[in-house]
Structures are given as structure tokens and as C-alpha cells.
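Asker: Okay, structure incoming, though there's no sequence with it:
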């Protein structure tokens, strides 16, 4: 089974908030990450959170971590068309991050 | 500062042909990785190198070999390409100090006919 699970698609209207969810299984994960992949490009690190934190905010991005439920979310405020991409959740304990399958975010006018 | 550079960007092979995908990073990172990305499958780790001189298998190593040539370069070789190896391949690197923030190359799109 998968170690990191995400829903495959999310569609939002421009200007609304987007919330992308992720669940993971390894309770000893020390870091959790969000990456963004635009069409035809490699993944780019958006943000990350250490496992002893509950929340991290960076401009329009808010990461929430519920360690008890092993649930991670990424909220994008005021979503723009340029935010359309695939978003990957990843967990890491040591050298090898494990990635989810990615959530395709579609932003429509 | 180029980051992680992969070559080639596109490649078409016939079944049974061999080729090497090249990857170089200029960030003085210790760890390097090769992933493949297939539709609906996310990223799957092929091989990684925690430090210069070491390599280890990932989730899907069959049909591939790697060489960590020096600290900067990590190549991926397909000895006898198969259609199942049609995929997009990404190289990545990280500092290797425990917080594995990965920096990715732009990918190689490989088709095996």
C-alpha cells in the first residue's frame, strides 16, 4: 500500500482558497514537504514543516500538520491561475523522501 | 547557478538499445537521486546515492544501473531498454544532512519503441 496518499484532482475558482490534503503512515517522519510541479518541469520545493510543529505560514501558503491523525494539508489563499499545477506531498525520515501520487490543482476563472 | 542539470531532455530508443542519462549538480550536495514519473503513479525512486562513492537501490531498480562519478555527477544507465521503461526521468539532489529538501532537474522524457 501507499505510504503517502493524496486525492488526484482539485478544482477551484480563481480568488478562492484551495486546500490540498495528504495522509501519511510513518509516524516517525521528521519532515513533511510540499512540492509543486508545473507542466513540463521538475518538482520545486514549496514549503516544509518539521514534525514538532502544528502550523507554518509563508505568504499565501499555510501548512497544517495533525500528527495524531497523520494528516498534512496545504492551503493556498487567493488562488490564481498561475497556481495550476500538480502538488506533491512527501514525508522523510533520513535520506529518502517518499512522495504521494500528486494532486492536480485546476484553477478556473 | 544552474542547480541540477539533466541531459538529454528527450530521447527515443528502440527495444534493446542502451543509453545513459546524465545528471550534474553545482550546489555541493552530498545526496543524489534518480526517480521515474509515470501517469497516476507519482514519483518512484530508482536509485540513490547518499554520498560520493555509495549507491543504493530504491523502489524500482530492475533494468537500471547507476554511477556516482564524483560529488557532482550521478548517471543512470539503461543497458537494454524495454517499452516498460518509457517514462519521464528526474534527477534530484539534496544536502544529505537529515532535512532532505530535494532540488530537481527538468527531466528527461524517454520513449522506448
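Answerer: Looks like it came in fine. Because the structure is predicted, anything quoted here is derived from the model rather than measured.
Asker: show me the contacts for the residue nearest to residue A:60 when sequence neighbours are not counted.
Answerer: Distances taken as CB to CB, 6 or more residues apart in numbering or on different chains put residue A:77 closest to residue A:60, at 4.5 Å, once the chain neighbours are dropped. Heads up, the C-betas are built off the backbone N, CA and C, glycines and all. Neighbour list for residue A:77: A:17, A:60-62 [criterion: CB atoms under 8 Å, 6 or more residues apart in numbering or on different chains].
Asker: Surely residue B:7 is in contact with residue B:73?
Answerer: No - with contact defined as CB atoms under 8 Å, residue B:7 does not reach residue B:73; the gap is 11.1 Å.
Asker: Look at these two and report which has more neighbours.
Answerer: residue B:73 (16 against 13; other CB atoms under 10 Å in any protein chain shown).
Asker: Tell me what that one is bridged to.
Answerer: residue B:24 (DSSP bridges).
Asker: any residues in contact with both of residue B:7 and residue B:73?
Answerer: Residues touching both residue B:7 and residue B:73 (CB under 8 Å, 6+ apart) are residue B:22.
Asker: where does chain A dip in pLDDT?
Answerer: Along chain A, segments meeting pLDDT under 70 span A:1-2, A:95.
Asker: show me where it has strands.
Answerer: Ranges of strands within chain A are A:4-6, A:9-13, A:18-24, A:31-37, A:43-50, A:55-58, A:61-66, A:71-76, A:85-92, A:98-99, A:103-108, based on DSSP state E.
Asker: hmm, the fifth one in reach of chain B?
Answerer: So that's strand A:43-50. Yes - applying CB under 8 Å from any CB of the partner chain, one finds strand A:43-50 in contact with chain B at A:43-45, A:48.
Asker: Going by distance to residue B:109, which of these wins?
Answerer: residue A:43 (15.2 Å; CB to CB).
Asker: Which helix or strand contains the residue nearest the centre of chain B?
Answerer: By CA atoms, centre = their mean, chain B has its centre lying nearest to residue B:34, at 2.8 Å. Taking DSSP states H and E as the definition, residue B:34 sits inside strand B:31-38.
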